[in-house]
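1. Sequence and predicted structure, then a few things I'm wondering about:
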Amino acid sequence: QVQLVESGGGLVQTGASLRLSCAASGRTFSSYAMGWFRQARQAPGKEREFVAAISRAGGSKVYADSVQGRFTVSRDNGKNTVYLQMNSLKPEDTAVYYCAADRVFGTTGAYEYDYWGQGTQVTVSS
């Protein structure tokens, strides 16, 4: 069992940066690949959108095309925390951001992840 808690969201202007954190409980954090997803309020019936994923040791990462070059995912297994550094934010990045844990690295479907946090709101004003 893994419990995840996101933090770091907020209201920023276009072009600003934010860093999201996701703190995990338990001693098995390093056994999980981690992913970041997002869901915009205007798309409540749609599956959560994949943003980024990182392997167990942090050596492999994958990004959605929409954030490639602007967002960076990282993790600190000693602190049981995964991060999402978001630069050059755009209004279309506005969403609730979730972190999730999966035994397998590289999966991009939300349904494939085993554990989820409660989400943190990111709002980018134009």
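-> Nice, I can see it. Numbering: from 1, shown residues only.
2. Secondary structure element holding the most centrally placed residue in the chain?
-> A centroid search over the chain (C-alpha atoms, centre = their mean) returns residue 36, at 2.3 Å, as the residue closest to the centre. Assigned by DSSP states H and E, residue 36 belongs to strand 33-39.
3. all strands of the chain, in order?
-> Using DSSP state E, the strands of the chain run over 4-7, 10-13, 18-24, 33-39, 49-54, 61-63, 71-76, 81-86, 95-102, 115-116, 120-125.
4. which one of these lies closest to residue 109?
-> strand 49-54 (7.4 Å; C-beta to C-beta). Backbone N, C-alpha and C define where each C-beta goes, glycine included.
5. How far off centre is that closest one?
-> In terms of C-alpha atoms, centre = their mean, to the nearest Å, the centre of strand 49-54 is found 6 Å from the chain centre.
6. I would like the residues contacting it, please.
-> For strand 49-54, contacts defined as C-beta atoms under 8 Å, 6 or more residues apart in numbering pick out 33-40, 60-64, 67, 71-75, 82, 84, 95, 97, 102, 105-110.
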